[in-house]
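Q: sequence unknown, structure follows:
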């Protein structure tokens, strides 16, 4: 008997988190959490990844708004 597909199996087969959520009858948030934790487990990495002490924030600078038409 075949084992049921995991969220990670479905993701690797090309499904997005919304499709995975519908297939597994869970929320999209839970689908993303399962994909992330299952991927980390398969790679023997901690979940969630620890933040490197030298990491810099990657968000937009304070007071700036992303807008494609702005020059």
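A: That came in fine, so what should we check first? Being a predicted model, the structure only gives us computed values, none of them experimental. Residues are numbered from 1 along each chain as shown.

Q: pLDDT value on residue 48, please?
A: We have a pLDDT of 76 for residue 48.

Q: roughly how far apart are it and residue 21?
A: 20 Å (C-beta to C-beta, to the nearest Å). C-beta here means a position set from N, CA and C on the backbone, and glycine is covered the same way.

Q: more crowded one of these two?
A: Ranked by neighbour count (other C-beta atoms under 10 Å), residue 48 and residue 21 place residue 21 first, with 20 against 10.

Q: which residues are contacting the lengthiest helix in the chain?
A: Ranked by residue count, the top helix of the chain under DSSP state H comes out as helix 28-42. Applying C-beta atoms under 8 Å, 6 or more residues apart in numbering, the external contacts of helix 28-42 come out as 6-8, 11, 17-18, 20-21, 24, 26, 46-49.

Q: can you flag the buried ones in these?
A: Among the contacts of helix 28-42, the ones that count as buried by 16 or more other C-beta atoms under 10 Å are 7-8, 11, 17, 20-21, 24.

Q: before we move on, the earlier item: farthest-separated two in the contacts of helix 28-42?
A: Using C-beta to C-beta, the pair of the contacts of helix 28-42 lying farthest apart is 18 and 46, separated by 26.7 Å.

Q: quick check: buried residues in the longest helix of the chain?
A: 31-36, 38.

Q: next, format the contacts of helix 28-42 as JSON lines and append secondary structure and distance to residue 55.
A: Shown next, in JSON lines, are these (DSSP: H, G, I helix; E, B strand; the rest coil; distance: C-beta to C-beta, whole Å):
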{"residue": "6", "secondary structure": "coil", "distance to residue 55": "30"}
{"residue": "7", "secondary structure": "helix", "distance to residue 55": "27"}
{"residue": "8", "secondary structure": "helix", "distance to residue 55": "25"}
{"residue": "11", "secondary structure": "helix", "distance to residue 55": "25"}
{"residue": "17", "secondary structure": "helix", "distance to residue 55": "25"}
{"residue": "18", "secondary structure": "helix", "distance to residue 55": "29"}
{"residue": "20", "secondary structure": "helix", "distance to residue 55": "29"}
{"residue": "21", "secondary structure": "helix", "distance to residue 55": "30"}
{"residue": "24", "secondary structure": "helix", "distance to residue 55": "32"}
{"residue": "26", "secondary structure": "coil", "distance to residue 55": "31"}
{"residue": "46", "secondary structure": "coil", "distance to residue 55": "15"}
{"residue": "47", "secondary structure": "coil", "distance to residue 55": "17"}
{"residue": "48", "secondary structure": "coil", "distance to residue 55": "13"}
{"residue": "49", "secondary structure": "coil", "distance to residue 55": "10"}
